[in-house]
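Undergrad: I'll drop the sequence and a predicted model, then ask my questions.
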Amino acid sequence: MIYFKKSMPAPPSLEVEKNKASSTNYRLQDVITRIKTDFKNKCYLCEYKEPTTINVEHFIPHRNNRDLMFKWDNLFYACGHCNNLKSDRFDNILNCIDYSENIEERIYLKMDPYPFKEVEVKGLDDDEKTINTAELLKLIYNGSTPIKTVEAENIRKNLLKEILEFQRLLVKYSALEEDDDELEDIKRTINRHLKDYSAFTAFKRWIIREIPYLRDEFYHLFQRKDEAIR
């Protein structure tokens, strides 16, 4: 999970539908278009890019509360796998549109390509939200029921491709000399992998954090502004 900035103001159709006593339709065209853009066409939980199953997910379960049902800040872009696992069970997790929650520094994510194994997820503090978020992400990436385990394996296969490609770029970058003509092109490609629109960005950013010389070179690209000025 990474931070996403939610666009404002809310799509006007939400207030229109909310004022219709019989309407429960929040899956409106302008809502879907906006959250697709806001969340970079990625599931906000697993970061799968261009998911084939799309849900307009309520971050806080609405439980027929119309304010929560139509609240713009409560509508997130999720894949079917993640939305189904989160459901009403996880209603107290870190909020990826709340900058103050510093989500990227509180959840550790890692996948070692070889041997192919489960994703490592660790909460880095004892806050209940952090613990719950880590528990949910473990289920998302590693599975629970037989069906969810297969779905998780499919996510990990795509994650594996992204991590291998990113590591290939980092190895090539490390081998190039300062005056090599390819160096700037490789750096720009690495930069794109670290952007919020890249698939599985959080995993790539943790790779950078853990390798000192790469951190020196690339960490500023996603470093929090409040951290940078300390």
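TA: Thanks, I have it.

Undergrad: Wasn't Asp179 part of a strand?
TA: No. Asp179 is assigned coil when assessed by DSSP: H, G, I helix; E, B strand; the rest coil, not a strand.

Undergrad: For it, report the pLDDT, please.
TA: The score at Asp179 is 76. That number is its pLDDT.

Undergrad: now do Glu227
TA: Per-residue pLDDT puts Glu227 at 66.

Undergrad: Ok, His62 next?
TA: Residue-level pLDDT assigned to His62 equals 92.

Undergrad: Where does it sit: helix, strand or coil?
TA: Look at His62: counting by three-state DSSP, its state is coil.

Undergrad: and it, how far is that from Lys110?
TA: 34 Å (CB to CB, to the nearest Å). Where you see a C-beta, it was placed from the backbone N, CA and C, and this is true even at glycine.

Undergrad: What of Phe59?
TA: 25 Å.

Undergrad: Pick out whichever of these two has more residues nearby.
TA: Neighbour count, other CB atoms under 10 Å: between Phe59 and Lys110, Phe59 has more, with 21 against 14.

Undergrad: Would you check how far apart the more buried one and Asn41 are?
TA: 18 Å.

Undergrad: Quick check: buried residues in stretch 95-103?
TA: Going by neighbour count (16 or more other CB atoms under 10 Å), the buried part of stretch 95-103 is Asn95, Cys96, Ile97, Glu101, Ile103.

Undergrad: Endpoints of it, how far apart?
TA: Stretch 95-103 has an end-to-end distance of 7 Å (criterion: CA to CA, to the nearest Å).

Undergrad: Ok, stretch 119-135 next?
TA: Taking CA to CA as the criterion, the two ends of stretch 119-135 lie 12 Å apart.

Undergrad: Look at His81 and say how many residues are nearby.
TA: Neighbours of His81 (other CB under 10 Å): 25.

Undergrad: who touches the residue lying closest to Leu176 once chain neighbours are set aside in this structure?
TA: The shortest distance from Leu176 to any non-neighbouring residue, by CB to CB, 6 or more residues apart in numbering, is to Leu183 (4.8 Å). Leu183 sits next to Tyr173, Leu176, Glu177 when contact means CB atoms under 8 Å, 6 or more residues apart in numbering.

Undergrad: can you put those residues in TSV and add neighbour count and distance to Ala202?
TA: TSV is the format used below for these (neighbours: other CB atoms under 10 Å; distance: CB to CB, whole Å):
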residue	neighbour count	distance to Ala202
Tyr173	18	20
Leu176	15	26
Glu177	7	31
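
Undergrad: Is it possible to get a markdown table of those that adds distance to Lys161?
TA: Listed next are the contacts of Leu183 as a markdown table, based on distance: CB to CB, whole Å:
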| residue | distance to Lys161 |
| --- | --- |
| Tyr173 | 19 |
| Leu176 | 23 |
| Glu177 | 29 |
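
Undergrad: Going by distance to Glu217, which of those wins?
TA: Glu217 has its nearest neighbour among the contacts of Leu183 in Tyr173, at 8.3 Å by CB to CB.
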